[in-house]
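1. next input, structure requested:
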Amino acid sequence: MISVSQHPERIKLTPDLSISRLVCGLWQVADIEKNGATVDPEQGADALQAYAEAGFDSFDMADHYGSAEIITGHLLKRYSGEGRRPVAFTKWCPEPGPMTRDVVRRGVEDRLARLGVDKVDLLQFHWWTFEHPAWLDALHEMQAMKEEGLIGALGLTNFDAAHLNLALSDGIEIASNQVSFSLIDRRAAGDLSALCLRRGVKLLAYGTLCGGFLSEKWLDQPEPTSIADWSRSKYKRFIDTAGGWSVYQGILKSASTIARKHGVSISNVASRWVLEHAAVAATIIGARLGENEHRDDNLKVFGFELDADDKALLEAAFAKSTAIPGDCGDEYRKPPFLTASGDLSHHLDAIPSVYQAVAVPGREDRMRVSSGSIWEPLAGYSRAVRIGDRILVSGTTATHGTDRCVAPGDAGAQATYILDKIAASISALGGKMEDVVRTRIYLKDASKWEPVSRAHGRFFSDVLPANTLIEAGALVGDYEVEIEAEAML
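-> Here you go, the predicted structure:
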């Protein structure tokens, strides 16, 4: 017989921020309001207060979750002056473009105004394409606002391990990274968890119940032919990518066997499996306003543990599935697009390139781009040149803006930044990284070959261009690595 907690377990996300290990996610506000309806903020706050009074006092939302921030603001006003008010996480998800001080401050101040607070407990940042490097400008400005006391803790959402490491190595204090993590999508258990444990970052896991698919309701049920709500549409795409309905049913049956053994629900088993990962601080469960929210059942997740037999049973089911491709967050940036709205290529294609291709005077078949580095006009070269169907990218370092070296001392982080920069250069000239046929890597210190090679592999594991890697000795400045590339369209 399991023991049932009266309240969710708590964990310190930072020394100053204690949260519930079951966070209430408010994304469904956007679903409720998608056809123009608006939730009355006081009635919405009543529903959230019921959660808070039951110990589910940590709420997660975003700038695009309908009126979720406003509803939460009405809730927070009810706790004015009290020692322990609910905790509010929100996200800022700007369109890529110049992240000036004014742009970033307006974005953060909008969150403060909608929540009606002087400080956001946890502000999480999402970025659509790392080919646009202004995400680092945004994070440095948010770091400054954190130091001013306007942001309590700074988090990321849908960042892969490489770019989380890049942010940390560039001096950003990151408390958390919110990513998809479930029995179906197990990517976060790999490189991302290892990095988080090494660097002291906590994971906030969403999608843990796959929009309700990880429950008794779907056990031995036929595959649905249509799905009305955004959440299930999204997680059905994950199920399809992981091997389809029969593979999913195999995982569900294993979870059901474990659930019966412990006297809990399939959802409890799904949540428990994620919560037992050492890097995970909390899972995020959807809060349907005005409906019975399964709070008593959710509390059972803290009354049992998965034993070796349970884990072996799940591993056997996992072995029949297909791993979700890529790393966490890739589903927002590249195929297969596993999002609520499906294919995002139209959105990503509409994002302007950070670089501008210009014609070479007197050369009808040539175009070139500049990255704005101070070295290009000084030494008389372009970041990249296109001649017909051939694109040549100059030796590229981790220079941000005109002259700032990114992530000093971290060769792997610098390689990630460089390859994003190369991708942006090639894209501006009409190509893709899939068109790259040759790369050359120059290292200051040959002993740093592995993190650089792994960064190269993340970009080119399917492309497999010809490659040369050599120790070049003393590169200028704090640069650990320089990379050049050639593409054929």
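
2. how close does residue 247 sit to residue 238?
-> In this view, residue 247 and residue 238 are 11 Å apart by C-beta to C-beta, to the nearest Å. C-beta: built from backbone N, CA, C; applies to glycine.

3. cool, residue 423 as well?
-> Look at residue 423 and residue 238: by C-beta to C-beta, they are 26 Å apart.

4. also residue 51?
-> On the measure of C-beta to C-beta, residue 51 and residue 238 end up 26 Å apart.

5. ditto for residue 140
-> As judged by C-beta to C-beta, residue 140 and residue 238 stand 33 Å apart.

6. could you check how many residues crowd around residue 386?
-> Residues within reach of residue 386, counting by other C-beta atoms under 10 Å, total 24.

7. an error on my part: the question was meant for residue 80.
-> Residue 80: 8 surrounding residues under other C-beta under 10 Å.

8. I'd assumed it was in a helix, is it?
-> No: counting by DSSP: H, G, I helix; E, B strand; the rest coil, residue 80 falls outside a helix, being coil.

9. ok, it - contacts?
-> By C-beta atoms under 8 Å, 6 or more residues apart in numbering, the contact set of residue 80 is empty.

10. okay, now the unreliable bits of the stretch 201-350 of the chain?
-> 290-293 (pLDDT under 70).

11. before we move on, back to that, tell me which of residue 140 and residue 238 has more neighbours.
-> Under the neighbour definition other C-beta under 10 Å, residue 140 and residue 238 were set side by side, and residue 238 has more, 21 against 18.

12. what pairs with the helix or strand containing residue 89, parallel or antiparallel?
-> Assigned by DSSP states H and E, residue 89 belongs to strand 87-92. Strands that pair with strand 87-92, judged by DSSP bridges, come out as strand 58-60 (parallel), strand 120-125 (parallel).

13. return the most buried member of the ones you listed.
-> Stretch with highest mean neighbour count among those: strand 58-60 (a mean of 29; mean count of other C-beta atoms under 10 Å).

14. by contact count, what packs against the very next helix or strand once past that strand?
-> Using DSSP H and E, the next helix or strand after strand 58-60 towards the C-terminus is helix 68-77. Applying 3 or more C-beta pairs under 8 Å, 6 or more residues apart in numbering; DSSP states H and E, one finds that helix 68-77 contacts helix 28-32, helix 41-53, strand 87-92, helix 101-115.

15. and residue 455, what helix or strand is that in?
-> Using DSSP H and E, residue 455 maps to helix 449-460.

16. give the pairing partners of the following helix or strand past that helix; include direction for each.
-> Where DSSP H and E defines the elements, the next helix or strand beyond helix 449-460 is strand 466-471. Take DSSP bridges as the rule and strand 466-471 pairs in its sheet with strand 436-443 (parallel).

17. report the inter-axis angle for the strand it pairs with versus helix 449-460.
-> 160 degrees (axes from the mean of the first three to the mean of the last three C-alpha atoms, to 10 degrees).

18. hmm, who's touching strand 436-443?
-> 395, 411, 415, 426, 449, 452-453, 456, 460, 463, 465-472, 475, 480-488.

19. and that strand, how far out from the chain middle?
-> 28 Å (C-alpha atoms, centre = their mean, to the nearest Å).

20. so which bits of it are buried?
-> Of all the residues in strand 436-443, those buried under the rule 16 or more other C-beta atoms under 10 Å are 436, 439, 440, 441, 442, 443.

21. ok, now stretch 6-26?
-> So, applying 16+ other C-beta under 10 Å, buried residues of stretch 6-26: 8, 11, 13-14, 17, 19-26.

22. farthest-separated two in those residues?
-> Distance extremes for the buried residues of stretch 6-26: the farthest pair is 14 and 26 at 21.7 Å, using C-beta to C-beta.

23. about what we covered before: can you say which of the contacts of strand 436-443 are buried?
-> Buried by 16+ other C-beta under 10 Å: 395, 411, 415, 426, 449, 452-453, 456, 460, 465, 469, 472, 475, 480-487, out of the contacts of strand 436-443.

24. thinking again about what came up before, angle of the strand holding residue 89 against helix 101-115?
-> With the same axes, to 10 degrees as the basis, strand 87-92 and helix 101-115 are set at 140 degrees to each other.

25. residues in contact with strand 87-92?
-> By C-beta under 8 Å, 6+ apart, strand 87-92 touches 17-20, 23, 57-63, 69, 72, 76, 107-108, 111, 115, 117, 120-126, 155, 157, 178, 204.

26. equivalent analysis for stretch 455-475, please.
-> Stretch 455-475 is touched from outside by 162, 327, 397, 412, 415-416, 419, 423, 433-434, 436-446, 449, 452-453, 481-483, 485, with contacts defined as C-beta under 8 Å, 6+ apart.

27. please name the residues that touch the residue most central in space within the chain.
-> Against the mean C-alpha coordinate of the chain, by C-alpha atoms, centre = their mean, the closest residue is residue 158 at 0.7 Å. By C-beta under 8 Å, 6+ apart, the residues touching residue 158 are 126, 178, 179, 180, 328, 329, 332.

28. just give the nearest non-adjacent residue to the fourth one, would you?
-> I take that to be residue 180. residue 207 (4.3 Å; C-beta to C-beta, 6 or more residues apart in numbering).

29. and that neighbour, what does it touch?
-> Listed by C-beta under 8 Å, 6+ apart, the contact partners of residue 207 are 180, 181, 182, 185, 234, 235, 238.

30. coming back round to it: adding mean pLDDT and mean neighbour count, write the helices and strands packed on helix 68-77 out as a markdown table.
-> Converted to a markdown table, those look like this (pLDDT from 0 to 100; neighbours: other C-beta atoms under 10 Å):
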| stretch | mean pLDDT | mean neighbour count |
| --- | --- | --- |
| helix 28-32 | 81 | 20 |
| helix 41-53 | 93 | 18 |
| strand 87-92 | 98 | 25 |
| helix 101-115 | 98 | 16 |
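
31. could I get the ones you listed as CSV with distance to residue 199?
-> Shown next, in CSV, are those (distance: least, C-beta to C-beta, whole Å):
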stretch, distance to residue 199
helix 28-32, 32
helix 41-53, 31
strand 87-92, 20
helix 101-115, 24
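
32. and those: which comes nearest residue 251?
-> Among these, helix 28-32 sits nearest to residue 251 (C-beta to C-beta), with 24.1 Å.

33. residues in contact with the closest one?
-> Outside helix 28-32, the residues that touch it by C-beta under 8 Å, 6+ apart are 39, 44, 61, 64-68, 71, 229-231, 286-289.

34. what's the closest of the residues you listed to residue 343?
-> Distances from residue 343 to the contacts of helix 28-32, taken as C-beta to C-beta, are shortest for residue 230 (14.5 Å).

35. that closest one: what's its closest spatial neighbour, skipping adjacent residues?
-> In space, and not counting its chain neighbours, residue 230 is closest to residue 340: 4.1 Å by C-beta to C-beta, 6+ apart.

36. how many residues are close by the one you found?
-> Applying other C-beta under 10 Å, we find 16 residues neighbouring residue 340.

37. got the contact list for it?
-> Listed by C-beta under 8 Å, 6+ apart, the contact set of residue 340 reads 230, 231, 233, 234.
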